[in-house]
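# no FASTA, just this:
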């Protein structure tokens, strides 16, 4: 996968991609045939093709006063919709009246729109004969734009690819093999605890979920180290349940096949690591992925079991389908106890409660730090991978007190589960003063342009990247 951008072409440019806001079109339409006026008005996602004997020009509408993320989405839709029509040749990108950030998002959108599952770099934009000619930016900015576009594509495509894979193609050896590959490519330090080592370390909450599985456990730690000696360190924990049957508290069969998406937190973390390494971000990242599935067998953990977590707290299991918070509990406490981080963030497709609350609009998030809240919300608004804050009031802790252990893994009340889950996880951050929990169950997997049914959205990669760049 290669991004071909230039600001200078010696060849004749017979293919043009011309993007117009409605405001700009009012002045630019005078340069086109009068017959075109009733056929194109630059409304959002409107496209018109002008075909001459030796040239073709695509007119693409951006609507009125588009946000940068709108521009990215419009460019992505165009790139995907016209993937069989765009020619592999030098192509002029016309972007009058757009600033550098808008141009960056437009170019990212064009390349992100090349994704289809399974991903193969076969879109015309990846053809060696295709060069996107952007006359309006300098050589230095063009070089930076190449790097940033390549990084986002590498990271987000990896995120989407692994979330989309069927269960039998992303078992523990598959995902572990991929993590080995990227660790070698990007020089990540990698540590993996199998079932035996996890038991020795004391990862009891994680192992309780894994004990019903025929697959080996893989509690995986990946470390990206910046070349900047003064770099801050961010800890990321991604829920990595490869498939969630619900365990003994088995889920209903309707839409059960979508439970291959229960590793959406982990894929967002993996994509972010890749993109950060591609961009050589001046920040250190410690990522923990507690890799397992949640299976049903005669060895599976059972409601009423009491489990001892890594930090010594005991958990009464009331529902084995609340497995994500079990694996995250050990991931958070292990990271907090063994690494010094300036910020700690976990991401998980954790609760149906967050989906019922926000649908597919935004993720629910919880944090114990006001500055971290503002930073995450700013990045969410900027990238359109939005978040909405929910409370962590201590009164919610009463809902998961146990008679036989320190905590229950769910509340017995039929409401507020995403809040209960967030408050539960807070008990395992070991007093970290700069922590956030992102419940992305409704936004990691949903309606996408490249599939008839649901697929991976790539949510989280651009959100975290923007956060890390501004941290």
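Looks like it came in fine. It should be emphasised that the depicted structure is a prediction, and the values quoted were computed from it without experimental measurement.

# Helices of this protein, start to end?
22-28, 68-81, 100-112, 139-164, 172-186, 195-201, 204-210, 264-279, 324-338, 352-358, 370-383, 417-426, 461-469 (DSSP state H).

# who's in contact with the third one?
The set of residues that contact helix 100-112 without belonging to it, under Cβ atoms under 8 Å, 6 or more residues apart in numbering, is 3, 5, 17, 19, 66, 68-69, 71-76, 78-79, 93, 95, 98, 125, 132, 134, 136-137, 141, 145, 148-149, 152-153, 156, 458. The C-beta positions use only the backbone N, C-alpha and C, and glycine is treated the same way.

# now do the second one
Counting contacts by Cβ under 8 Å, 6+ apart, the residues outside helix 68-81 that touch it are 17, 19, 44-45, 47, 58, 60-63, 66, 86, 98, 101-102, 104-116, 123, 125, 382-384, 449-450.

# Output the longest strand belonging to this structure.
For the chain, the longest strand by residue count, based on DSSP state E, is strand 284-294.

# quick one, that strand and helix 172-186 angle?
Angle between the axes of strand 284-294 and helix 172-186 is 170 degrees (criterion: axes from the mean of the first three to the mean of the last three Cα atoms, to 10 degrees).

# Narrow the contacts of helix 100-112 to just the buried residues.
3, 5, 17, 19, 66, 68-69, 71-76, 78-79, 93, 95, 98, 125, 132, 134, 137, 145, 148-149, 152-153, 156, 458 (16 or more other Cβ atoms under 10 Å).

# Tell me which residues touch residue 262, please.
Counting by Cβ under 8 Å, 6+ apart, residue 262 touches 239, 241, 242, 243, 244, 294, 324, 349.

# any idea how far the closest residue to the third one other than its chain neighbours lies from residue 199?
Using Cβ to Cβ, 6 or more residues apart in numbering and skipping residues adjacent in sequence, the residue nearest residue 242 is residue 293, 4.5 Å away. Computed as Cβ to Cβ, to the nearest Å, the residue 293 to residue 199 distance reads 18 Å.

# same question, residue 170
Between residue 170 and residue 199 the computed distance is 24 Å (Cβ to Cβ).

# Mind giving me the packing neighbours of the longest strand of the chain?
helix 172-186, helix 204-210, strand 218-224, strand 233-238, strand 240-244, helix 264-279, helix 324-338 (3 or more Cβ pairs under 8 Å, 6 or more residues apart in numbering; DSSP states H and E).

# For my notes, please list the ones you listed in CSV and give mean neighbour count, distance to residue 405 and mean pLDDT for each entry.
Output for the helices and strands packed on strand 284-294, formatted as CSV (neighbours: other Cβ atoms under 10 Å; distance: least, Cβ to Cβ, whole Å; pLDDT from 0 to 100):
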stretch, mean neighbour count, distance to residue 405, mean pLDDT
helix 172-186, 15, 29, 98
helix 204-210, 28, 11, 98
strand 218-224, 22, 22, 98
strand 233-238, 27, 22, 98
strand 240-244, 26, 22, 98
helix 264-279, 28, 25, 98
helix 324-338, 26, 13, 98
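
# Any chance of these in JSON lines with distance to residue 367 as columns?
Shown next, in JSON lines, are the helices and strands packed on strand 284-294 (distance: least, Cβ to Cβ, whole Å):
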{"stretch": "helix 172-186", "distance to residue 367": "28"}
{"stretch": "helix 204-210", "distance to residue 367": "22"}
{"stretch": "strand 218-224", "distance to residue 367": "23"}
{"stretch": "strand 233-238", "distance to residue 367": "14"}
{"stretch": "strand 240-244", "distance to residue 367": "22"}
{"stretch": "helix 264-279", "distance to residue 367": "16"}
{"stretch": "helix 324-338", "distance to residue 367": "13"}
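
# right, and those - which one's nearest residue 471?
strand 233-238 (6.5 Å; Cβ to Cβ).

# Packing partners of the closest one?
Using 3+ Cβ pairs under 8 Å, 6+ apart as the contact test, the elements touching strand 233-238 are helix 264-279, strand 284-294, helix 324-338, strand 343-348.

# which helices and strands does the third one pack with?
With contacts defined as 3+ Cβ pairs under 8 Å, 6+ apart, the secondary structure elements packing on helix 324-338 are helix 204-210, strand 218-224, strand 233-238, strand 240-244, strand 284-294, strand 343-348, helix 417-426.

# pretty sure residue 243 contacts residue 258?
No: the criterion here is Cβ atoms under 8 Å, and residue 243 misses it with residue 258 at 10.2 Å.

# Quick check, pLDDT for the closest residue to residue 113 other than its chain neighbours.
Excluding its sequence neighbours, the residue lying closest to residue 113 (Cβ to Cβ, 6+ apart) is residue 79, at 3.0 Å. According to the prediction, residue 79 has pLDDT 98.

# and if you look at residue 357?
94.

# residue contacts, it?
364, 418.

# What residues sit buried inside stretch 188-201?
188, 192, 193, 195, 198, 201.

# Please work out the average pLDDT along it.
pLDDT averaged over stretch 188-201 gives 98.

# Span of it from start to end?
Start-to-end span of stretch 188-201 (Cα to Cα, to the nearest Å) is 22 Å.

# Kindly report the same for stretch 31-38.
15 Å.

# which residues sit against it?
29, 48, 50.

# What about the residues you listed, which are in strands?
48, 50.

# okay if I get the contacts of stretch 31-38 as a markdown table plus distance to residue 206?
Output for the contacts of stretch 31-38, formatted as a markdown table (distance: Cβ to Cβ, whole Å):
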| residue | distance to residue 206 |
| --- | --- |
| 29 | 61 |
| 48 | 55 |
| 50 | 59 |
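
# For the contacts of stretch 31-38, give me TSV that also has neighbour count, pLDDT and distance to residue 262.
Listed next are the contacts of stretch 31-38 as TSV, based on neighbours: other Cβ atoms under 10 Å; pLDDT from 0 to 100; distance: Cβ to Cβ, whole Å:
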residue	neighbour count	pLDDT	distance to residue 262
29	17	94	50
48	16	98	43
50	16	97	47
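
# which of the contacts of stretch 31-38 lies closest to residue 464?
residue 48 (37.0 Å).

# what are the bridge partners for the closest one, then?
Counting by DSSP bridges, residue 48 is bridged to residue 59.

# list the contacts for it?
36, 39, 40, 58, 59.

# What of residue 333?
Contacts of residue 333 (Cβ under 8 Å, 6+ apart): 309, 310, 311, 428, 429, 430.

# how about the fifth one, what does it touch?
Shown in contact with residue 429 (Cβ under 8 Å, 6+ apart): 332, 333, 336, 344, 435.
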